[in-house]
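Colleague: Sharing a model prediction with you, sequence too.
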Amino acid sequence: MMSKKIQNLIAKYFTRQVSLSELDLLSRWIENPSNKEKFVKYVKINYAINVNMKRFGTDNSKKRLLKFIEQERKDRIKRKTLNYVKYAAVILVFVASGYILENGILDNKSEELKKNIEAPLTIDNVIEVGTDKAILTLEDGSNIDLEKGKTIRTNRIQSNGKELIYDTSQSENAEVAYNFLTIPRGGQFHIKLSDGTLVWLNSESRMKYPVAFKEGETREVELVYGEAYFEVSPSSLHDGATFEVLNTSQVIEVLGTEFNLKAYRDETNVYTTLVEGEVVINTSTNKKVLAPNQQSTLDINNNSIIVKPVNINDEISWRRGLFSFKGKSLEEIAKVLSRWYDVDILFSRPELKAVKFNGVLRKDETIEEILNNILTTNYIKAYEIKEKRIMLK
C-alpha cells in the first residue's frame, strides 16, 4: 500500500511544487524495485498518463530527475519561447521513454519533436492568469465589485476580496431578499451563505441565493449558469430543513453533503458529481439518486439522465488549482482555458478539435506555459497569440 506521504510527493511533482529534499525522497523510493509497479499503477490511475515501462531504468533516474527539475527552475521565466518546451506536468521524464496519446505514440525525443513544431507567435499579449473576482448584486439592484485587496463590510456581509461571508446568526421571517454573485471569465470566488453552506464558484458562473434563509422552510439557491462546488450545512443544524439547488431542467435535493454542479450555457449537458453524502436529481420526467463517486449527466435537449462512476479528483481539480485533462479533446480543453484566461481560442484546422490530450497542469501557469505543454502532442504545430485571441495551428 502506497503511503499518503508518497502520494502527496507525486502530486507535488506533477504540479511543480516539489522541493529538492522532497525530490530526493521520492527518487529514493522509486529506485526501490518493489515500489516500481506501485508507482506506475498509481500514476496511470490518478494522472491519466500511459507510461511505456519496457525500457524503464532506475540506475540514473535520480540524476536525470534532479537535472530536469534544476533546468525547469532556470527556464521557468523564459518558457514563453519554443526552446523551453518541456514535458513537466504531462509526463514523467525521469521514468518514461515515451507516452501514449489517444491518437498514437509520441517518442521522448526532443530534437525530433522540435523539427515538427513551428515557433509560437505572440503579438500584443495581454492575457492574464485568472484570479479571485466577482460582482455582487444586492437586493436593490446595485452592484459591488469584489476583487483582491478590496474589503467590503455591511451589517450582513463582509468580503476580503477572496471570499464573501454572510451573517450566520440571522434568519428570515419576512419576505426573503435575494442577492446574485456573478463570476466573470478569468475569475473565481468563494462564498459562505447565511446557513453556513460553503460554495466555490468557477469562472463564468452566476448564483442566486437569499440573504437569509426563511426559518423552517427549504433552503433554496439557484445556479443560474456555470460551475459550483457545494459543501452543504446539514439539515440537522436547521431543524431538518432540506437544501435544494435549482438549475436548468433539474432540482438537486440534499440533506448535507458535498457535490459539484457544472451547467455552462454553451454546453448541452448538466453534470452533477457527488463527493460525499447523497443527493437526489429531479427533473420533470426523471428521478435519480447519486452515491459518492458517481456523476449524473443530464441532456437538456431530451431530458434524459445517465449515471456513471467517475474519478472525483479529475472532476473537482479546478477547486484545488489544477486542470486535470484526462483524455480530453482540445475542443473541450479550449472551453476550459477560454473561461479561466478570458480568451477566445480558435482552430486553424477543424480536425485539431478532436485531438486528445492527457495532463495535469496548474491554473497559476501563464497561457504560454499551458500552450507549450499542448504543443507536445505533436498535432499542434504552433500557436499565435494576438491580444485576447489564440489561434492553434
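Modeller: Nice, thanks for sending it over. Numbers count the residues shown, from 1 in each chain.
Colleague: Spatially central residue in the protein, please.
Modeller: Closest to where the C-alpha atoms of the chain average out (Cα atoms, centre = their mean) is residue 318, at 2.1 Å.
Colleague: That residue should be in a helix, yeah?
Modeller: Yes - the assignment for residue 318 by DSSP: H, G, I helix; E, B strand; the rest coil puts it in a helix.
Colleague: tell me the SS of the nearest residue to residue 331 once chain neighbours are set aside?
Modeller: Setting aside the residues directly before and after it, residue 331 is nearest to residue 353 in space (Cβ to Cβ, 6 or more residues apart in numbering), at 3.8 Å. For the C-beta atoms, the positions are set from N, CA and C on the backbone; glycine is no exception. Of the three states, residue 353 takes helix according to three-state DSSP.
Colleague: OK, contacts around residue 353?
Modeller: 329-331, 334, 347 (Cβ atoms under 8 Å, 6 or more residues apart in numbering).
Colleague: go on, residue 202?
Modeller: Here residue 202 is in contact with 183, 188, 226-229, 318, 339 (Cβ under 8 Å, 6+ apart).
Colleague: Report the two of the residues you listed separated the most.
Modeller: 229 and 339 (15.2 Å; Cβ to Cβ).
Colleague: And the two? Which one has more around it.
Modeller: residue 339 (25 against 21; other Cβ atoms under 10 Å).
Colleague: mind listing what's buried in stretch 229-248?
Modeller: 229-235, 238, 241-245, 247 (16 or more other Cβ atoms under 10 Å).
Colleague: Next up, the contacts around the residue nearest to the centre of the chain.
Modeller: 202, 227, 363.
Colleague: next one: residue 276
Modeller: Per Cβ under 8 Å, 6+ apart, neighbours of residue 276: 257-259, 292.
Colleague: Now which of those residues would you call buried?
Modeller: Judged by 16+ other Cβ under 10 Å, buried ones among these: 257-259, 292.
Colleague: Out of those, the closest to residue 388 would be?
Modeller: residue 259 (32.8 Å).
Colleague: Now do the phi/psi pair for the closest residue to residue 39 other than its chain neighbours.
Modeller: With sequence-adjacent residues excluded and distances taken as Cβ to Cβ, 6+ apart, residue 39 is closest to residue 30, at 5.7 Å. Dihedral pair for residue 30: phi -70, psi -30, per degrees, to the nearest 10.
Colleague: and residue 30, how many residues sit next to it?
Modeller: Residue 30 - counted by other Cβ under 10 Å - has 23 other residues nearby.
Colleague: Could you give the number of residues near residue 308?
Modeller: 9.
Colleague: Relative to the helix or strand containing it, what are the paired strands and their orientations?
Modeller: Assigned by DSSP states H and E, residue 308 falls within strand 304-309. Strand 304-309 sits in its sheet next to strand 294-299 (antiparallel), going by DSSP bridges.
Colleague: I'd like to know which elements the longest strand along the chain is packed against.
Modeller: Longest strand in the chain, counting residues (DSSP state E): strand 219-231. Packing partners of strand 219-231 (3 or more Cβ pairs under 8 Å, 6 or more residues apart in numbering; DSSP states H and E): strand 198-201, strand 205-210, strand 243-247, strand 258-263.
Colleague: Identify whichever of those lies nearest to residue 158.
Modeller: strand 198-201 (15.1 Å).
Colleague: other SSEs contacting that closest one?
Modeller: Using 3+ Cβ pairs under 8 Å, 6+ apart, strand 198-201 sits against strand 187-192, strand 219-231.
Colleague: what would the contacts of residue 202 look like in TSV with distance to residue 158?
Modeller: Output for the contacts of residue 202, formatted as TSV (distance: Cβ to Cβ, whole Å):
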residue	distance to residue 158
183	18
188	19
226	23
227	25
228	21
229	21
318	25
339	27
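Colleague: any idea which of those is the one closest to residue 359?
Modeller: The closest of those, once distances to residue 359 are taken by Cβ to Cβ, is residue 318, at 14.4 Å.
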